[in-house]
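1. task: produce atomic coordinates for the following.
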Amino acid sequence: MRVATATDPGNPLGANEDWVTAAQSLIVVLDGATARTETGCIHGVSWYAAKLGSTITSLAIDHDQNLGTVLSNAISMTARQHNGCDLRHPGTPSATVAILRLTEDVLEYLVLGDTTILVDAGDTIQVLSDARVDATARAERAEANRHPLGSAEKQAALLRMKHAELAARNQPGGFWVAAADPTVVTHAITGKFPMDRVRRAAVLTDGAARIVTLFDLLDWHSVLDVLNDEGPTELIHRVRAIEAADPIGIRWPATRTATTRPS
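-> Okay, the predicted model is just below:
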């Protein structure tokens, strides 16, 4: 089995809020939620993603624990490391989570949030993601998309969007991500594939997935081909090139907040 990873922060001046570990039998990817408001936490989103990701990895080695139990325990253990933080704060650091684990002849998966797992099962590409966040703050998101990147209007609209999203985060009728409450794992997408059906698999944060979901320049099969033939760095490079060609978000009015790294 050949495994490759790549990550690149959208803002080259900021900390990378993604976290990944990959080995032949385990892949863990977290996408930390960028803080645009107060969080009640002295550590920050990058710290949270790294702590939660490393804890998931250490627990997932025990194949007697299913992935839901692994994530639930990891959230609880990470919460206990938040010394001096207010975990009841609505903006407490959070992250989407995706896990792939090879156990004997089965590929297990767990998705919490809008990170995407792709599984090439030979006759079809299985796309596993939870897009419930897209159903929240629609009016606020549409307003934010009206304004060019870097403008005061954009920043104000993004802040309003963030508040609306936080009001729906980990709430009935909203969307679910890892934060401080371990019971969110009941809303994760889980399952397994027989390994004799799996040809290729990939995990993408929503930033990488936008080459399909936002830009509509590749389909999922083509994404797997790029990853297989040229590697994950090339896929990220293509996303960055598209963003750099539209630096103020006119053609692609996404809710990203900073000028991205030139290609």
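2. low-confidence ranges, the protein, go.
-> Scanning the chain for pLDDT under 70 picks out 254-263.
3. could you pull out the strands for it?
-> Using DSSP state E, the strands of the chain run over 18-22, 26-32, 95-103, 106-112, 116-120, 125-128, 189-194, 200-204.
4. now render those strands as CSV, adding distance to residue 64 and mean neighbour count.
-> Using the backbone N, CA and C atoms, a C-beta is placed for each residue, glycine as well. Below are those laid out as CSV (distance: least, C-beta to C-beta, whole Å; neighbours: other C-beta atoms under 10 Å):
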stretch, distance to residue 64, mean neighbour count
strand 18-22, 20, 20
strand 26-32, 15, 26
strand 95-103, 10, 24
strand 106-112, 13, 21
strand 116-120, 23, 22
strand 125-128, 24, 16
strand 189-194, 15, 14
strand 200-204, 23, 22
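5. of all those, which one is nearest residue 242?
-> Nearest to residue 242 among the strands of the chain is strand 200-204; the distance by C-beta to C-beta comes to 15.0 Å.
6. what are the neighbouring residues in contact with residue 252?
-> 214, 215, 242, 243, 246 (C-beta atoms under 8 Å, 6 or more residues apart in numbering).
7. output the strands of the chain as TSV; include the columns distance to residue 44.
-> Below are those laid out as TSV (distance: least, C-beta to C-beta, whole Å):
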stretch	distance to residue 44
strand 18-22	13
strand 26-32	9
strand 95-103	12
strand 106-112	20
strand 116-120	25
strand 125-128	29
strand 189-194	27
strand 200-204	23
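8. tell me which of those sits nearest to residue 6.
-> Short answer: strand 18-22, nearest of the strands of the chain by C-beta to C-beta, at 8.5 Å.
9. list the strands paired with that closest one, with their directions.
-> The sheet places strand 18-22 alongside strand 26-32 (antiparallel), with pairing taken from DSSP bridges.
10. give me the contacts around the strand it pairs with.
-> Identification of contacts with strand 26-32 by C-beta under 8 Å, 6+ apart yields 3, 17-22, 45-46, 48-49, 52-53, 56-57, 60-61, 93-102, 113-115, 178, 201, 203-207.
11. sweet, I'm off.
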